[in-house]
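Undergrad: the following block contains a protein sequence and its predicted model.
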Amino acid sequence: MVTLFVSCKEEVNQMPYDLVIENGNVIDIVTGKVEMKTIYINNGRIAKISNTESDKVFKATKTIDGSGKYILPGFWDNHVHFRGGDSLINANKDFLKLFIMNGITTVRDAGGDLTSSVMTWKAEIEQGTLVGPTIFSAGPKIDGNNATWAGSLVVENEKDIDVALDSLQALNVDFVKLYDSKISGDLYLKTIKESTKRGMITSGHMPFTVELDETLDAGMGAIEHLYYILKGCSSEESEITELIRKGDYGFWTSMEKLVATYEDSTAKKKFDALKNHNTYVVPTLNIGDILSYLDVVNHEKDTYLKLMHPRLIDTYEGRIKRSLNASEEARQNRKKLNTFFKTLAKSLSDAGVDLLAGSDSGAYNSYTYPGISLHQELEAMSKTGISNIKALQNSAYNGAHFLKKEADYGTIEAGKVSDLVILNSNPLENIKSTRDIDLVIKGNVVINPEKIAKELDCMDCVGMD
Ligand SMILES: [Zn+2]
């Protein structure tokens with residue numbers, strides 16, 4: 001039902017706004033300043049923001065009382081996956097409402113094998129015929145022959161680079177995702193350079209046969225996960241890289257050595273290089289916690305587990321088995337490395353390197369559930385000592401800048417897309433308040449997370465605890 005609401009004493013002649021959120025505590029995502037404001041929305045964009053005292057006369061099709069609430073740009077999960085083959089298409093589609101229920105109005109899909117479905121959902125969400133977050137997608141990943149991930153585009157020679165990038169451009173992807181399971185270091189660097197030449201944004205892992213500086217110099221836009229940053233911060237990166245090239249060291253066997261040779265002065269140089277190249281870092285701390293403790297934490301009672309399709313839960317087995325089969329020493333090393341990464345994330349943030357909050361949720365990534373895992377990532381960032389406002393910036397604000405979408409997203413400003421979250425409590429005081437969602441605004445649409453939770457028969461899936 002549409003109700004016409006007139007809040008003034010006299011008749012107003014102008015057309016009504018589609019939606020007005022009155023008297024909310026609007027959090028300035030850049031400064032952290034909180035100010036009571038009224039947000040006027042038309043056609044899915046913010047038409048005007050004003051201080052309530054100066055502007056009390058308006059007409060609106062729908063009005064929301066924002067008093068006592070805290071308003072932020074809708075969250076961005078900057079690292080998710082839609083994948084797992086055709087039998088999991090519907091299981092992946094079910095993720096969309098979990099993102100929205102958790103206030104996530106945009107996701108960055110870091111590559112998978114369901115590109116045609118993802119592109120269909122993306123279009124339907126844009127048209128308003130499907131409820132879900134705005135999707136920015138890498139399409140299929142780029143890797144070498146016999147790559148780890150199904151559906152990857154194969155780059156085995158220089159000609160393959162053009163073929164792969166042509167096909168990604170034909171798919172109209174939003175960025176290029178590079179993976180490191182089989183691609184050669186040389187072709188990896190050439191792919192980044194060619195993507196950059198074509199004006200395509202890049203993100204990815206890094207083959208350990210390559211040095212961090214080479215990757216940054218090639219133009220890499222974002223480094224996913226902290227292994228590659230750690231490698232660059234070792235005083236012996238070149239020597240270790242040489243041992244890896246010769247096959248004396250592997251990815252995991254080099255970790256202990258890398259941690260032992262971490263050097264502050266080298267790290268500082270690499271942090272400066274990351275800043276100078278405007279390269280983002282995606283720490284994925286929460287999935288690090290989950291995967292490092294698979295051998296000791298029982299997830300059977302996880303609230304979100306019952307929302308996952310049984311076939312999707314089957315994909316969790318691989319990582320669980322690898323963890324349980326690892327030696328006691330390997331398991332302890334993984335935990336130590338995970339703890340080390342917390343410090344590294346804080347150091348990066350303190351040095352002024354731009355981070356992206358991304359969960360890595362999706363099939364195969366055991367117990368890292370779509371939606372809630374972004375809140376867990378923000379909490380993990382906050383726990384390292386990163387301030388709450390910085391953690392929050394790592395979601396929508398940095399996400400929008402990384403994908404060069406800041407004209408439309410990332411801040412609450414007139415002219416931008418009205419993707420917002422209205423929280424019941426202040427996330428600057430307690431980061432867990434990002435889960436304390438009253439309403440989600442996606443353009444002109446107002447979504448009540450409790451209603452979705454009720455439909456899913458999972459009232460525990462929303463709220464702070
Ligand atoms: Zn990933």
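TA: Noted; the coordinates are in hand. Note that the coordinates shown come from a computational prediction; the quantities given were computed from them, not determined experimentally.

Undergrad: got a list of what whichever residue of the stretch 101-250 of the chain sits closest to the ion touches?
TA: Nearest to the ion, among the residues of the stretch 101-250 of the chain, is residue 110, at 4.8 Å (Cβ to the ion). Any C-beta I mention is one placed from the backbone N, CA and C, and that applies to glycine too. Listed by Cβ atoms under 8 Å, 6 or more residues apart in numbering, the contact set of residue 110 reads 79, 80, 81, 138, 141, 177, 203, 224, 358, 360.

Undergrad: report the contact partners of the second one.
TA: It stands for residue 80. Taking Cβ under 8 Å, 6+ apart, one finds 95, 99, 107, 108, 109, 110, 358, 359, 360, 361, 362, 370 in contact with residue 80.

Undergrad: what's the burial count for the residue of the chain found nearest the ion?
TA: Relative to the ion, the nearest point of the chain is residue 360 (4.4 Å; Cβ to the ion). Residues within reach of residue 360, counting by other Cβ atoms under 10 Å, total 24.

Undergrad: CA atoms of the longest helix anywhere in the chain as CSV?
TA: What stands out as the longest helix in the chain, according to DSSP state H, is helix 328-351. C-alpha atoms of helix 328-351 as CSV (Å, rounded to 0.1, in the frame of the first residue of the first chain):
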residue,chain,number,x,y,z
GLU,A,328,50.2,-31.6,14.0
GLU,A,329,53.1,-29.3,13.1
ALA,A,330,51.4,-28.1,9.9
ARG,A,331,48.2,-27.3,11.9
GLN,A,332,50.1,-25.4,14.5
ASN,A,333,52.0,-23.5,11.9
ARG,A,334,48.8,-22.5,10.1
LYS,A,335,47.4,-21.1,13.4
LYS,A,336,50.6,-19.1,14.0
LEU,A,337,50.5,-17.8,10.5
ASN,A,338,46.9,-16.8,11.0
THR,A,339,47.8,-14.9,14.1
PHE,A,340,50.7,-13.2,12.3
PHE,A,341,48.3,-12.1,9.5
LYS,A,342,46.2,-10.1,12.1
THR,A,343,49.3,-8.0,12.9
LEU,A,344,50.1,-7.6,9.3
ALA,A,345,46.6,-6.4,8.4
LYS,A,346,46.9,-3.8,11.2
SER,A,347,50.3,-2.7,10.0
LEU,A,348,49.1,-2.3,6.5
SER,A,349,46.1,-0.2,7.6
ASP,A,350,48.3,1.9,9.9
ALA,A,351,50.7,2.5,7.0
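
Undergrad: quick one: mean pLDDT over it.
TA: Summarised as a single mean, pLDDT over helix 328-351 is 97.

Undergrad: run the chain-centre distance for that helix.
TA: Chain-centre distance of helix 328-351: 20 Å, with Cα atoms, centre = their mean, to the nearest Å.

Undergrad: kindly report the same for stretch 295-313.
TA: The answer for stretch 295-313 is 21 Å, by Cα atoms, centre = their mean.

Undergrad: returning to what we had before: filter the contacts of residue 80 down to the buried ones.
TA: Using 16 or more other Cβ atoms under 10 Å as the burial test, those include 95, 99, 107, 108, 109, 110, 358, 359, 360, 361, 362, 370 as buried.

Undergrad: just those residues: which are in strands?
TA: If you go by DSSP state E, the buried ones among the contacts of residue 80 have 107, 108, 109 in strands.

Undergrad: now the residues you listed in JSON lines, with pLDDT?
TA: Formatted as JSON lines, those follow (pLDDT from 0 to 100):
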{"residue": "107", "pLDDT": "98"}
{"residue": "108", "pLDDT": "98"}
{"residue": "109", "pLDDT": "98"}
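
Undergrad: show me the contacts for the closest residue to residue 385 other than its chain neighbours.
TA: Leaving aside its chain neighbours, residue 385 sits nearest to residue 346 (5.0 Å; criterion: Cβ to Cβ, 6 or more residues apart in numbering). Counting by Cβ under 8 Å, 6+ apart, residue 346 touches 384, 385, 386.

Undergrad: ok, now how distant is the second one from residue 391?
TA: For residue 385, the distance to residue 391 equals 10 Å [Cβ to Cβ, to the nearest Å].

Undergrad: and these two? which has more neighbours close in?
TA: Neighbour count, other Cβ under 10 Å: between residue 385 and residue 391, residue 391 has more, with 24 against 14.

Undergrad: from residue 34, how far out is the residue lying closest to residue 386 once chain neighbours are set aside?
TA: Distances taken as Cβ to Cβ, 6+ apart put residue 349 closest to residue 386, at 4.8 Å, once the chain neighbours are dropped. Distance, residue 349 to residue 34, using Cβ to Cβ: 22 Å.

Undergrad: now do residue 213
TA: From residue 213 across to residue 34, the span is 41 Å (Cβ to Cβ).

Undergrad: can you report phi and psi for the spatially most central residue of the chain?
TA: Note on the chain: the residue nearest the mean C-alpha position is residue 78, at 1.6 Å, using Cα atoms, centre = their mean. Main-chain torsions, residue 78, degrees, to the nearest 10: phi -90, psi 20.

Undergrad: thinking it is in contact with residue 357, fair?
TA: Yes - assessed by Cβ atoms under 8 Å, residue 78 is found in contact with residue 357 at 5.9 Å.

Undergrad: overlap in contacts, those two.
TA: Taking Cβ under 8 Å, 6+ apart as the criterion, residue 78 and residue 357 both touch 394, 395, 398, 399.

Undergrad: between those residues, identify the one with the most neighbours.
TA: In terms of neighbour count, residue 395 stands highest of the shared contacts of residue 78 and residue 357 at 31 neighbours, by other Cβ under 10 Å.

Undergrad: check contacts around it.
TA: Neighbour list for residue 395: 73, 75, 76, 77, 78, 357, 374, 378 [criterion: Cβ under 8 Å, 6+ apart].

Undergrad: cutoff 6 Å now
TA: By Cβ atoms under 6 Å, 6 or more residues apart in numbering, the residues touching residue 395 are 75, 76, 357.

Undergrad: what about the residues you listed, which one has the most neighbours?
TA: Of all the contacts of residue 395, the most densely surrounded is residue 76 (31 neighbours; neighbours counted as other Cβ under 10 Å).

Undergrad: walk me through the domains of this protein.
TA: The chain breaks down into these domains under automatic domain parsing: 5-72+410-461, 74-402.

Undergrad: so how far is the first residue of the last one from its last?
TA: Domain 74-402 has its terminal residues 16 Å apart, counting by Cα to Cα, to the nearest Å.

Undergrad: in contact with residue 408, which residues?
TA: Neighbours of residue 408 in contact, by Cβ under 6 Å, 6+ apart: 416, 417.

Undergrad: how about the secondary structure of it?
TA: coil (DSSP: H, G, I helix; E, B strand; the rest coil).

Undergrad: residues from the stretch 51-200 of the chain in reach of the ion?
TA: Residues of the stretch 51-200 of the chain lying near the ion by Cβ under 5 Å from the ion: residue 110.

Undergrad: show me where the stretch 51-200 of the chain has its helices.
TA: All helices of the stretch 51-200 of the chain, identified by DSSP state H, counting those that start in this stretch, fall at 89-93, 95-101, 115-127, 158-171, 185-197.
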